[in-house]
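Visitor: Sharing a sequence plus its predicted fold:
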Amino acid sequence: MKPPAFAYHAPDTLGAALAALAEAGDGGKVLAGGQSLVPLLNMRLAAPAELVDINRITALDTLEVTAGGVRVGALARHSRVERSDAAAGVQPLLRRALENVAHPVIRNRGTVVGSLAHADPAAELPAVLALLDGTVEVRSATGRRTVPAGAFFTGPLESALLPGELAVSAFFPALPPRTGTAFRELSRRHGDYALAGVAVTVGLDEDLRVATARAGYLGVAATPVVLDLTGPALAAQEGRPAGECDWAEVGGYAAARLDPEPDIHASAEYRRTLAGVLTERALRAAAAEGGRSDS
Amino acid sequence: MRLGPAEHHEIEMTVNGTPRSAPAPARRLLSDFLRHDLGLTGTHVGCEHGVCGCCTVLLDGEPVRSCLMFAVTAAGHSITTVEGLAGAGGALSPVQRAFQECHGLQCGFCTPGFLCTVTALLRDNPRPTDDEVLEGVSGNLCRCTGYQNIVKSVRRAAELLAEEPT
């Protein structure tokens, strides 16, 4: 189908965009990559009165990599972030998650910050931002605020962004030393929305024994779920040599703490079991990587 | 600039190397702008929500879904459609020749999207592995071929491109 009619703004500065959004109020919607919004418009599931297209604001097309983390501007496309070796070096979960976001052609256009603002519960990047305790930088005509990931995702397709606000960048913190990461998801076809998925970090101590384990889930609740699995991971390596851990036990612990909903693609029980298995595999891979990164 | 819901705006862009323009409202999808306003019906429209890949065109050289972009957003940019892939005098490009040789199409509906996607894929990665080929065309659906001949076509196109004088 065709999108409904809307008034269109094409600002070329951030100030002009914020002014347009302030004037539009409740009826305003930001258009960045459009890979989620335009399908919603084409299917008439959304009908914003005023569309503010930020594609001409080149000042938002930024990717800043520092020792502390990766800051992604509102107009940086998935493909640019995915291809950045510097970004992958500081925070490998970015590339690992992005490889699972739809298809390469979609990633040429879709933006990282747009995916966060869209807040799809089955999307990869919200789970990664939540796991890493990242933040979203928000601007409006009257001010600015930094929203922690834990407060940013408020419901399915709902974020903490208020009318008149624009998410101008997102910050993905760097990994501590001796920390491995992994991303695992299962979808019916590669590129589809996942039935469930998980991003994990595993930190090792100087003796290469597990010191921390955390997991961020997609597709198992209305918003990303983060579990601290450090306690069960410590218990599961008790009495074993360094580098060995009963990750299946930890996966089972995680699954028991998830409460997914059923839909036409999978039952709740299947999703829970799947999340546990993915957790086990991801933790094992991340722990192995953490050990290698020490050398 | 604010464009009212019913207002038409003169949209200018370079299409297949030629400056083109036509009046259209902001809600006009790039796919429809190419087909209806510029008469370039080589770009096919399948699902119109970004799944099938039939409407893939090159935006400043990068493959994108023209059904997931407004024409007004593409204003000032350079678009290549399937009509722009052939060389001088209509000589088929190596990718087009490979699809013809290897029977990489049957009904042809998905073909313009595949040709644009593969043209960019082989430009960026002239010698893709089998996995890279599959990943590269994974966003394009074909209901006829079963994909085997499309994958063969991509491999053949890589050979033909390698033989091209540079």
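Guide: Noted; the coordinates are in hand. Numbering: from 1, shown residues only, chains lettered A, B, ... in the order given.
Visitor: At the contact with chain B, which residues of the stretch 101-250 of chain A appear?
Guide: When proximity is defined by CB under 8 Å from any CB of the partner chain, the stretch 101-250 of chain A lies next to chain B at A:102-106, A:108-109, A:190-191. In short, each C-beta sits where N, CA and C put it, glycine included.
Visitor: Could you single out the nearest of the residues you listed to chain B?
Guide: For those, the residue nearest chain B by CB to the nearest CB is A:His103; the value is 2.8 Å.
Visitor: I figured the closest one was touching A:Gly191, is that so?
Guide: Yes - with contacts counted by CB atoms under 8 Å, A:His103 reaches A:Gly191, the gap being 4.6 Å.
Visitor: shared neighbours, these two?
Guide: Counting by CB atoms under 8 Å, 6 or more residues apart in numbering or on different chains, the common neighbours of A:His103 and A:Gly191 are B:138-139.
Visitor: Tell me where the chain has strands.
Guide: Defaulting to chain A. A:7-9, A:28-31, A:50-53, A:63-66, A:69-73, A:135-140, A:143-148, A:153-155, A:158-159, A:166-173, A:179-186, A:196-204, A:210-218, A:225-228 (DSSP state E).
Visitor: meant chain B actually
Guide: Along chain B, counting by DSSP E, strands occupy B:2-3, B:8-15, B:18-25, B:56-59, B:62-65, B:78-80.
Visitor: ok, the second one: who's next to it in the sheet?
Guide: Using DSSP bridges, strand B:8-15 pairs in its sheet with strand B:18-25 (antiparallel), strand B:78-80 (parallel).
Visitor: Residues touching that strand, excluding its own?
Guide: Contacts made with strand B:8-15 from outside it, assessed by CB under 8 Å, 6+ apart, are listed as B:3, B:19-26, B:28, B:33-34, B:37-38, B:40, B:71-72, B:74-81, B:84.
Visitor: Helices along chain B, start to end?
Guide: In chain B, the segments counted as helices under DSSP state H are B:30-32, B:71-74, B:94-101, B:111-124, B:130-137, B:148-163.
Visitor: ok so, going back, can you check which of the strands paired with strand B:8-15 gets nearest to A:Ala17?
Guide: A:Ala17 lies closest, by CB to CB, to one member of the strands paired with strand B:8-15: strand B:18-25, at 21.0 Å.
Visitor: separation between whatever residue of chain B ends up closest to chain A and B:Cys54?
Guide: Scanning chain B for proximity to chain A using CB to the nearest CB identifies B:Gly139 as nearest, at 2.8 Å. Between B:Gly139 and B:Cys54 the distance is 11 Å, computed by CB to CB, to the nearest Å.
Visitor: Quick check: A:Glu244 touching A:Gln237?
Guide: Yes - A:Glu244 sits in contact with A:Gln237 when judged by CB under 8 Å, with a separation of 6.5 Å.
Visitor: Show me the domain layout of chain B.
Guide: Following automatic domain parsing, chain B resolves into domains at B:8-84, B:88-163.
Visitor: could those domains be laid out in TSV, adding mean pLDDT and mean neighbour count?
Guide: Formatted as TSV, the domains of chain B follow (pLDDT from 0 to 100; neighbours: other CB atoms under 10 Å in any protein chain shown):
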stretch	mean pLDDT	mean neighbour count
domain B:8-84	97	20
domain B:88-163	97	18
